[in-house]
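**Q** My questions concern the predicted model and sequence given below.
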Amino acid sequence: MTSDRRLAAIMFTDLVGFTALTQKNEQKALALLTTHYRLLRPVFALHQGREIKTIGDSFLVEFENALDAANCAVAVQRRVQEHNSSVPEDERFHLRIGVHLGDVVHTENDALGDAINIASRIEPLAESGGICVSEQVYAQVRNKVPVTFTKLAPVSLKNVAFPIEVYKVDLPGERTMPAADGSLGGAARRLAILPLVNMSADPQDEFFADGLTEEIIAELSKVPGLRVIARTSVMRFRGTTKGVAEIGKELRVGTILEGSVRRAGNRIRVTAQLIDAGTEEHLWAEKYDRELVDVFAIQTEIAKEVSAALHIALPSPPPGRRRPPPNLNAFKSYLRGRYLWNRRSDEAVRAALHSFEEALRLDPQFAEASSGIADCYSILVDRGSIPASEGAPKATSAAERAIQLDDTNAEAHASLALLLDREYKWVEAEREYEKAIQLNPMYASAHQWYYMHLMAGGRREKAALELDRAEEADPLSPVILFHRACHTWITGTAADALGAFNRAAELGGDLDFLGFYRLVFYATNSMRAEALELSGKLNTAGFLPYGETTAVMKHAVLGQREEAHRELDRLLTAAKDHYVPSFGIAWTYGVLGEADRFFEWLDRAADERARSPFEFVSLPLFEKLRSDPRFQAYLRRCGLGS
């Protein structure tokens, strides 16, 4: 009998309480087992896992390296959590997972070895819904996965001759638990940085306080072991009267950093305090009185102090910018640009573009300003405000320049990836998304855009995992919740999608495209009265999420064919004199069911390359048209078809 010995990572999974359930209700147990097989196997495949065998209710899966195994284990538990949140109590199940790296011996009919034996012994140490890994796995992945670890007390495992160091993976939503060495893990290392309060005499300095908040978020996001909530979610608590415990619960964090900033000329005072969200105990506080030129040093010091308070060892060198800007006016223009950019209106984005360009003029080496320029042009193209032929080259040039100036800029890599998607350069885009996520695993936009990239390519299983990660990083982002609503609409039930759309709209306020897509959902799910009511409100709001084509798209969705064609005639005439997005016209003909005209304008949209094919490929609106052979030809033009 031949055998093959190799070093591999082994993941052992086990259904909690399955034996007892089998004795109580065998039919129900078998149904859960089938569901468990169906949910887990696609996740194994996404992470290059090879299923060795099943042992009753357990999986034995092999990976070439510890990183793939650890990422897969986390993805499996996330998938189970997602399933459990969408089904009745009696259809839920929970897993324990153990992972070890060691020798595996393959024979003709089986596999054995230390890796398998130890993984199977580690698995029972995990809590229900949890993961435990050996020291060998921890050493390989500790700074490479978007989770933290808690060291358990050394254990002696059955049939293992030596004590094993075991680490518990701190998954989202877990309570803070002290580790064996007294450090904090789990929720404590999930951190929210609340908006710094502007204490300056000039209320216009609010942009400076907001910008500095965003800078500190970016700085602390670089610390391995910390999971920092994105700006979108924390900014909702500016001026709030809510207590720390309530905020911590809403953001699902264990620790909160709050403070203030006062600017007077070229001097600033920054105060900061770190608070346990569960006990409201102050863990650390400090005050910094410095020259404005030292602002980046303050950010680095805050990162060091927070890390020390949470017992996290900083890498060497510690997080910090490559260099402070030599021109303080450039820095202030940059902060003003980010403040305006985050308001997202067309007018605000154009003003932000001006501020970023001014910052880069004053400091040509300012990478973040160049990245901001890329983001401005990108959203102006996306909304149909300027032609892709005008905006896309400028956006791409700015993103590439930002990367040349600072290759560690995660935002620039993600921005470039989004632009590459629109050029249908899918392989290059994926490489940039992965680079951005490697640099900052908690950068929510990178996960969100990567989700759209994967959906456009029909890779729904992996896309769902990226959407989970985006939501984990930015739990109150209306844009990410909008994508959750769309994903539920695409893959789930109308009732669940309705709740998600309403939640996104509740958080999104005046974000026009959220209202538009809620109208689309109403109109296509037999909720015409609600759609008409919302349509009237959107008219008064003057929303233009897709430029001039928004109005005609709305008429098509509402079934107002005469009005839609009247608007189409007007737009087609206008298109002779100025830019009208082909995307919106194709969208309208598709909803009206006029296939010939749809495919004519879809080809023009493919030529313009203003937007990713994501919506046409995935939304239920275009399901019938996707069966037309011309749709496959469109996909081939976009580099997606076979």
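**A** That came through, no problem.
**Q** what ranges do the helices span in the stretch 351-500 of the chain?
**A** Along the stretch 351-500 of the chain, the segments classed as helices by DSSP state H, counting those that start in this stretch run 367-382, 388-405, 410-422, 426-439, 444-456, 460-473, 478-491, 494-508.
**Q** With mean pLDDT, mean neighbour count and distance to residue 261 added, can I get the ones you listed in TSV?
**A** For the C-beta atoms, the positions are set from N, CA and C on the backbone; glycine is no exception. Formatted as TSV, those follow (pLDDT from 0 to 100; neighbours: other Cβ atoms under 10 Å; distance: least, Cβ to Cβ, whole Å):
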stretch	mean pLDDT	mean neighbour count	distance to residue 261
helix 367-382	90	25	19
helix 388-405	93	20	26
helix 410-422	92	26	22
helix 426-439	93	18	27
helix 444-456	93	25	24
helix 460-473	86	22	24
helix 478-491	86	22	26
helix 494-508	78	17	26
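**Q** Can you give the domain ranges for this structure?
**A** Split into domains by automatic domain parsing, the chain comes to 3-171, 188-315, 327-463.
**Q** Deepest in the core, which of the ones you listed is it.
**A** domain 327-463 (a mean of 21; mean count of other Cβ atoms under 10 Å).
**Q** in the stretch 151-300 of the chain, what spans have low per-residue confidence?
**A** Scanning the stretch 151-300 of the chain for pLDDT under 70 picks out 153-163, 172-188.
**Q** circling back: for residue 490, which of the domains of the chain is the nearest?
**A** Smallest distance to residue 490 across the domains of the chain (Cβ to Cβ): 8.0 Å, for domain 327-463.
**Q** now the end-to-end length of that closest one.
**A** 42 Å (Cα to Cα, to the nearest Å).
**Q** what's the pLDDT at residue 636?
**A** In this prediction, residue 636 carries a pLDDT score of 92.
**Q** And it, which helix or strand is it part of?
**A** Per DSSP states H and E, residue 636 falls inside helix 629-637.
**Q** Now that helix - C-alpha only, PDB.
**A** The C-alpha coordinates for helix 629-637 follow below in PDB (Å, rounded to 0.1, in the frame of the first residue of the first chain):
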ATOM      1  CA  PRO A 629     -28.200  34.800 -26.200                       C
ATOM      2  CA  ARG A 630     -27.400  38.500 -26.700                       C
ATOM      3  CA  PHE A 631     -26.800  38.800 -23.000                       C
ATOM      4  CA  GLN A 632     -24.100  36.200 -23.200                       C
ATOM      5  CA  ALA A 633     -22.500  38.200 -26.000                       C
ATOM      6  CA  TYR A 634     -22.600  41.300 -23.800                       C
ATOM      7  CA  LEU A 635     -20.900  39.300 -21.000                       C
ATOM      8  CA  ARG A 636     -18.100  38.300 -23.400                       C
ATOM      9  CA  ARG A 637     -17.700  42.000 -24.400                       C
END
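**Q** packing partners for it?
**A** Contact partners of helix 629-637 among helices and strands, from 3 or more Cβ pairs under 8 Å, 6 or more residues apart in numbering; DSSP states H and E: helix 595-608, helix 614-618.
**Q** quick one: contacts of the first one?
**A** The one in question is helix 595-608. Helix 595-608 is contacted by residues 387-389, 581-583, 585-586, 589-590, 611, 613, 616, 625, 628, 630-631, 634, 637-638 when judged by Cβ atoms under 8 Å, 6 or more residues apart in numbering.
**Q** are any of these buried, and which?
**A** 387-388, 581-583, 585-586, 589-590, 611, 613, 616, 625, 631, 634, 638 (16 or more other Cβ atoms under 10 Å).
**Q** sorry, back to before: okay, the domains of the chain in a markdown table with distance to residue 621 next?
**A** Below are the domains of the chain laid out as a markdown table (distance: least, Cβ to Cβ, whole Å):
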| stretch | distance to residue 621 |
| --- | --- |
| domain 3-171 | 23 |
| domain 188-315 | 27 |
| domain 327-463 | 14 |
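**Q** ok, back up a step: and the helices and strands packed on helix 629-637, which is most packed in?
**A** For the helices and strands packed on helix 629-637, ranked by mean neighbour count under the definition mean count of other Cβ under 10 Å, the leader is helix 614-618 at a mean of 21.
**Q** returning to that earlier point: could you redo the helices of the stretch 351-500 of the chain as TSV and give each row distance to residue 290?
**A** Below are those laid out as TSV (distance: least, Cβ to Cβ, whole Å):
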stretch	distance to residue 290
helix 367-382	20
helix 388-405	25
helix 410-422	26
helix 426-439	28
helix 444-456	30
helix 460-473	30
helix 478-491	35
helix 494-508	36
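**Q** Direction included, what does whatever helix or strand residue 169 lives in pair up with?
**A** Element membership for residue 169 (DSSP H and E) is strand 166-170. Partner strands for strand 166-170, per DSSP bridges, with pairing direction: strand 131-134 (antiparallel), strand 148-151 (antiparallel).
**Q** Enumerate every residue touching the residue nearest to the spatial centre of the chain.
**A** With distances taken as Cα atoms, centre = their mean, residue 470 lies nearest the centre of the chain, 1.9 Å away. The neighbours of residue 470, taking Cβ under 8 Å, 6+ apart as the test, are 444-445, 447-448, 451, 477, 480, 483.
**Q** Including distance to residue 82, could the strands paired with strand 166-170 go into JSON lines?
**A** Formatted as JSON lines, the strands paired with strand 166-170 follow (distance: least, Cβ to Cβ, whole Å):
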{"stretch": "strand 131-134", "distance to residue 82": "16"}
{"stretch": "strand 148-151", "distance to residue 82": "21"}
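**Q** Can you tell me which of these has the worst average pLDDT?
**A** Mean pLDDT, when computed for each of the strands paired with strand 166-170, is lowest for strand 148-151, at a mean of 80.
**Q** would you put the C-alpha positions of that strand in PDB?
**A** Taking Å, rounded to 0.1, in the frame of the first residue of the first chain, the C-alpha atoms of strand 148-151 are listed here in PDB:
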ATOM      1  CA  THR A 148      -8.000  38.500  17.200                       C
ATOM      2  CA  PHE A 149      -7.100  35.500  19.400                       C
ATOM      3  CA  THR A 150      -7.300  34.700  23.100                       C
ATOM      4  CA  LYS A 151      -4.700  32.300  24.500                       C
END
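**Q** oh, and call the first residue 784 from now on, that's how I've got it
**A** Understood, numbering begins at 784; the last thing we discussed is strand 931-934.
**Q** Can you get me the centre-to-centre distance for that strand and its chain?
**A** Strand 931-934 sits 23 Å away from the centroid of its parent chain (Cα atoms, centre = their mean, to the nearest Å).
**Q** for stretch 1153-1162, same thing?
**A** Its chain's C-alpha centre and that of stretch 1153-1162 lie 19 Å apart, by Cα atoms, centre = their mean.
**Q** Spell out the residue ranges of the helices in the stretch 834-983 of the chain.
**A** Secondary structure of the stretch 834-983 of the chain by DSSP H, counting those that start in this stretch: the helices cover 849-868, 897-905, 918-924.
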